[in-house]
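Student: Sequence and computational prediction follow.
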Amino acid sequence: MSSVPFTVPEAALDERDLPALRAGDHDAFARLVDRHGPRLLAVVRRLLRDEHEAHDALQDAFTSAHRALPSFEGSSRLGTWLHRIAINAALMRLRARRRRPEVAIDAMLPTFDSTGHRVVLREAWSESADTRLERAETRALVRRLIDRLPEDHRTVLLLRDIEELETRETAELMGCTGGAVKVRLHRARQALRQLLEEELPR
Amino acid sequence: MNDLTCREFVEFLDDYRTGAIAPERRATFERHLSNCRHCRDYLRTYEDSIRMGRAAIGAEDQPIPDELPKALSSAILNAIRFPATNPESPTPRPRPDAGRCS
Ligand SMILES: [Zn+2]
């Protein structure tokens, strides 16, 4: 279950507009853009971290949606369907980007000695996440650390933990197996944990 | 006695915490956890990391705008009204060949 919040009225408005949308009605489409555009803009911003590219991706997404609407089956909510399309548009732009130099994920994973015990470099932090999260500077630090993850791992972390897609949906969008998504998600979280252990003030 | 190493515990940690581990193996994980402070710390900080990621990226710091910038919504509606001016927009289909996940 995705927990992306939709208010009931919004879904009801989508429902009401659906016949007009399928028929290509422009006013209905403009209302759709008004209703869903802001939330989808936040989604593509998170993935792309570039305002200009986010705008382009959102335009791609609505163009694709417009083209696909006549065949929209109605088996999922329109909002859920648009969410997937917007993510796909952002992923296409991410793939087209020149890859920035990045540190391999292995360097951010825990190491074990020959007896299978983890090599503990620093004591784990003790202050609770909730207390830390009250500080804006901690949240900014966490964002910077997530940005240090290799792009493919960062993407899986965002799609699974932030956008709350299922493993299967993430795999479809990324063009890989569910097994690969599970491995990447676990590594991405481990890497974030490791970076936090190194960087969080004690 | 531990019959699971820390390496194995850490590898299958997410299956353990999401209940995806066979019931007969579950006891092995719980026994390891009760005997190993490092893995207890690891589990706690792993879950903390997920929560911190969610809170840092989530809506509070990067709020959903009340409305789209005017130029953007006009650009979107124009692209739909006059699709010929925007011939290269991609279709909403996953691309298994994209190589991101190979
Ligand atoms: Zn252990």
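Tutor: Right, received. Where do you want to start? Residues are numbered from 1 along each chain as shown, chains lettered A, B, ... in the order given.
Student: Please count neighbours and contacts with C-alpha atoms only from this point.
Tutor: Fine.
Student: Can you pull out the low-pLDDT segments for chain A?
Tutor: A:1-8 (pLDDT under 70).
Student: residue in chain B nearest to the ion?
Tutor: B:Cys6 (3.6 Å; C-alpha to the ion).
Student: Next up, the contacts around the closest residue to that residue other than its chain neighbours.
Tutor: Closest residue in space to B:Cys6, ignoring its immediate chain neighbours: A:His117 at 5.2 Å, by C-alpha to C-alpha, 6 or more residues apart in numbering or on different chains. Taking C-alpha atoms under 8 Å, 6 or more residues apart in numbering or on different chains, we find A:His117 in contact with B:5-7.
Student: Out of those residues, grab the one that's most surrounded.
Tutor: Across the contacts of A:His117, neighbour numbers were computed from other C-alpha atoms under 10 Å in any protein chain shown; B:Cys6 holds the maximum, 25 neighbours.
Student: Now do the contacts for that residue.
Tutor: Counting by C-alpha under 8 Å, 6+ apart, B:Cys6 touches A:112, A:116-118, B:39.
Student: Equivalent analysis for A:Arg22, please.
Tutor: A:69-72.
Student: Could you do A:Arg187 as well?
Tutor: Taking C-alpha under 8 Å, 6+ apart as the contact definition, A:Arg187 lies against A:105, A:109, A:153.
Student: most neighbours, which of the residues you listed?
Tutor: A:His153 (24 neighbours).
Student: still on that earlier bit, filter the contacts of B:Cys6 down to the ones near the ion?
Tutor: Near the ion, judged by C-alpha under 5 Å from the ion, the entries from those are B:Cys39.
Student: What is the nearest of the contacts of B:Cys6 to the ion?
Tutor: The ion has its nearest neighbour among the contacts of B:Cys6 in B:Cys39, at 4.2 Å by C-alpha to the ion.
Student: Is that closest one within a helix or a strand, and which one?
Tutor: Under the criterion of DSSP states H and E, B:Cys39 resides in helix B:37-57.
Student: Mind giving me the packing neighbours of that helix?
Tutor: In terms of contacts (3 or more C-alpha pairs under 8 Å, 6 or more residues apart in numbering or on different chains; DSSP states H and E), helix B:37-57 is packed against helix A:129-133, helix A:136-148, helix A:178-199, helix B:6-11, helix B:23-35.
Student: sorry, back to before: select only the buried ones of the contacts of B:Cys6 in ChimeraX?
Tutor: Listed next is the ChimeraX selection for buried residues among the contacts of B:Cys6, using 16 or more other C-alpha atoms under 10 Å in any protein chain shown:
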select /A:117,118 /B:39
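Student: Among the contacts of B:Cys6, name the ones in helices.
Tutor: Among these, the members found in helices (DSSP state H) are B:Cys39.
Student: OK, now which residue of chain A is nearest to chain B?
Tutor: Residue nearest to chain B within chain A (C-alpha to the nearest C-alpha): A:Gly175, separated by 4.0 Å.
Student: neighbours of that residue, just the number please.
Tutor: Residues within reach of A:Gly175, counting by other C-alpha under 10 Å, total 19.
Student: now swap in B:Leu33 and tell me
Tutor: For B:Leu33, the neighbour count with other C-alpha under 10 Å is 20.
Student: Quick check, it in contact with B:Cys39.
Tutor: Yes: counting by C-alpha atoms under 8 Å, B:Leu33 touches B:Cys39, with 6.2 Å between them.
Student: list the residues that contact both of these two?
Tutor: Contacts common to B:Leu33 and B:Cys39, judged by C-alpha under 8 Å, 6+ apart, are absent.
Student: Run through the residues that contact the residue lying closest to B:Leu68 once chain neighbours are set aside.
Tutor: Counting by C-alpha to C-alpha, 6+ apart, B:Leu68 lies nearest to A:Pro38, which is 5.5 Å off, once chain neighbours are set aside. By C-alpha under 8 Å, 6+ apart, A:Pro38 lies in contact with B:64-68.
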